[in-house]
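Participant: Predicted coordinates and the sequence they were generated for:
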Amino acid sequence: MEPEATPDTLTHAPGTGRPLTARPLPEAEPELVRRRLSGGGELVELLSEVRERFGGVAAFRLGPAPTVLVTDPDAVQHVLARHPDRYVKRSHRARLLIGDGVLAATGDAWKSQRRLLQSQFTGPGMRRYEQRITGAARTTAGRWDTYARTGETFDVGREMRRFALDAIWRALTGFPLDDGTERELDAVAAVATALPTLPADVTDAHDAVAADLARIDAVARHAVEAARDGAAGPDGPGLLHVLTEAAAERPEYTDRLIRDEMVTLLVAGHETTATTLTWLHLLLDRHPAARAQALAAGGEGSEERRRAVQALVHETLRLYPSAWILPRHAAEADTLAGYTVEAGTDILVCPYLTHRDPELWPDPEHFDPRRFIAPDGRPAHPGAYFPFGLGPRACLGLQFALRESTVLLEHLLPAHTLAFSATPAKTVYGITVRPDGPALATSVRPPG
């Protein structure tokens, strides 16, 4: 029989699960917050100073309650992977656009929706998209060949959005993206860009982007009706068929939920990839040796070249992760890295800052793809590099995004170098970290 616990033998506070040795969180003083955010200062600047001065788990206040910034790898893994039931995802910032799609869903609904889609983006499921991704890459390469012949200036960001949207549209419908649908789906980027600046009131926010949402809904409605009618493209049926077939057995898959899942996949499947690829081209312009090293790693189609191209993508994602902050909410009291976290506390996990921590990544501001090729070139800790999140809510489309990026670069890098005439001067920290403005370039055929 175990002896009865006494105050002298207790190791955890009764009813809390917290060690008695848990310490209060270090917290930034109000003056620091005011100074950093006054005059339109960026949140990322505040977070960077909080991390630098107070460490990888620290609090700051934007209102009466503290928010906890998490960048330490162990703490990142604790929040996102080990205890996702304690640190939960609440309303998604993009819910106005994606509704109850898998990114915004919670609880049992999220588990059911993710289970349906998971098999589509892993292992055998990914193989069905290989030809579709390749088709989108060839279409983009064909446009760039024309630009190279004519000397036409083009917006690299726009080109990357066209490619990524074409790839996910083919995955969803089985058909290449046509010009009319592309024009209508410009509304997706318009709403996504507007989200951080919309009014807090849900009705006012909806009214501000109602016209764009109506355009998106019309495209989704037409695509869903075509899938229900059995329309299949040259590479067979797409993901919409999976969703419409699910509706026959699962009453929760209403027309609205199918619309929400489709728009979620459109948003998650093209905006982040397009932004990553745009950053990559801008980085290669500043570091042309990285392009040459990737191509010299092996011949066309070789595994060596593929790994080198993937390293370009990974290093870009290190500097500009797909989601630069991951908000969570403490559903119960906990101890995080030895500090007390009260139930109800808002948490900000920040891949952007973890990826730029000099204790984890030597010379972290430098673009060096060799980190992802050389033995011991990157930290082994899973909480040190997580551009697509970590744990059960990590990005479903991780493999799809890496594959489409790699395939496109394998088509473009050997045949084209870019001469930029205008590049964005600033960075926007919204839902993604994106260049602020057009990246105008001409394509120049490499020598030889």
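Facilitator: Good, I have the coordinates.

Participant: Packing partners of the worst-scoring helix or strand of the chain on mean pLDDT?
Facilitator: None of the helices or strands of the chain scores lower by mean pLDDT, DSSP states H and E than helix 124-127, at a mean of 81. On a contact count with 3 or more C-beta pairs under 8 Å, 6 or more residues apart in numbering; DSSP states H and E, helix 124-127 meets helix 398-412. All C-beta atoms are positioned from the backbone trio N, CA, C, and that covers glycine.

Participant: which one's the longest helix in the chain?
Facilitator: In the chain, with assignment by DSSP state H, the single longest helix is helix 130-150.

Participant: mind checking how far the helix or strand just after it is from the chain centre?
Facilitator: The C-terminal neighbour of helix 130-150 among helices and strands, as given by DSSP states H and E, is strand 154-155. Distance, stretch centre to chain centre, for strand 154-155: 23 Å (C-alpha atoms, centre = their mean, to the nearest Å).

Participant: Counting by contacts, list what strand 154-155 packs against.
Facilitator: Using 3+ C-beta pairs under 8 Å, 6+ apart: strand 154-155 touches strand 440-444.

Participant: what's in contact with the strand it packs on?
Facilitator: Contacts with strand 440-444, where a contact means C-beta atoms under 8 Å, 6 or more residues apart in numbering, come from 144, 147-148, 151-156, 281, 416-423.

Participant: which of those count as buried?
Facilitator: Neighbour-count burial (16 or more other C-beta atoms under 10 Å) applied to the contacts of strand 440-444 gives Trp144, Tyr147, Ala148, Phe154, Asp155, Val156, His281, His416, Thr417, Leu418, Thr423.

Participant: Format these as JSON lines; extra columns: distance to Ala205 and pLDDT.
Facilitator: Below are the buried ones among the contacts of strand 440-444 laid out as JSON lines (distance: C-beta to C-beta, whole Å; pLDDT from 0 to 100):
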{"residue": "Trp144", "distance to Ala205": "38", "pLDDT": "97"}
{"residue": "Tyr147", "distance to Ala205": "38", "pLDDT": "97"}
{"residue": "Ala148", "distance to Ala205": "43", "pLDDT": "96"}
{"residue": "Phe154", "distance to Ala205": "33", "pLDDT": "98"}
{"residue": "Asp155", "distance to Ala205": "28", "pLDDT": "98"}
{"residue": "Val156", "distance to Ala205": "31", "pLDDT": "98"}
{"residue": "His281", "distance to Ala205": "33", "pLDDT": "98"}
{"residue": "His416", "distance to Ala205": "41", "pLDDT": "97"}
{"residue": "Thr417", "distance to Ala205": "43", "pLDDT": "96"}
{"residue": "Leu418", "distance to Ala205": "37", "pLDDT": "97"}
{"residue": "Thr423", "distance to Ala205": "32", "pLDDT": "96"}
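
Participant: Among these, list the two that are farthest apart in space.
Facilitator: Farthest pair in these (C-beta to C-beta) is Ala148 and Thr423. Separation: 19.5 Å.

Participant: Quick check, central residue of this protein?
Facilitator: Ser322 (2.9 Å; C-alpha atoms, centre = their mean).

Participant: number of nearby residues for the residue lying closest to that one once chain neighbours are set aside?
Facilitator: The shortest distance from Ser322 to any non-neighbouring residue, by C-beta to C-beta, 6 or more residues apart in numbering, is to Thr272 (4.1 Å). Applying other C-beta atoms under 10 Å, we find 25 residues neighbouring Thr272.

Participant: Wait, a helix at Thr272?
Facilitator: Yes - assigned with DSSP: H, G, I helix; E, B strand; the rest coil, Thr272 falls within a helix.

Participant: Let me see the contact set for it.
Facilitator: Ser322, Ala323, Ala401, Thr432.

Participant: Which member of those is positioned nearest Leu412?
Facilitator: For the contacts of Thr272, the nearest to Leu412 is Ala401 (16.6 Å; C-beta to C-beta).

Participant: list the contacts for the nearest residue to the closest one once chain neighbours are set aside?
Facilitator: Distance criterion C-beta to C-beta, 6+ apart; nearest residue to Ala401, sequence neighbours excluded, is Thr273 at 5.0 Å. Neighbouring residues of Thr273 by C-beta under 8 Å, 6+ apart: Met160, Ala164, Ala167, Ala401, Glu404, Ser405.

Participant: Look at the fifth one and say how many residues are nearby.
Facilitator: A total of 27 residues lie near Glu404 under the criterion other C-beta under 10 Å.

Participant: what do you get for the first one?
Facilitator: Number of residues near Met160 (other C-beta under 10 Å) recorded here: 24.

Participant: quick one, phi/psi of Ala330?
Facilitator: phi -70, psi 110 (degrees, to the nearest 10).

Participant: Mind pulling the model confidence for it?
Facilitator: With respect to pLDDT, Ala330 scores 97.

Participant: Buried residues in stretch 55-63, which are they?
Facilitator: Neighbour count says stretch 55-63 has Gly55, Gly56, Val57, Ala58, Ala59, Phe60 buried, by 16+ other C-beta under 10 Å.

Participant: do the same with stretch 323-343
Facilitator: 323-328, 330-337, 339-341.

Participant: and what of stretch 32-42?
Facilitator: Leu32, Val33, Arg36.

Participant: Excluding residues flanking it in the chain, which one is nearest the second one?
Facilitator: Spelled out, it's Val33. Using C-beta to C-beta, 6+ apart, the closest residue to Val33 is Phe60 (5.6 Å).

Participant: any idea what the one you found is structurally, helix, strand or coil?
Facilitator: Once three-state DSSP is applied, Phe60 turns out strand.
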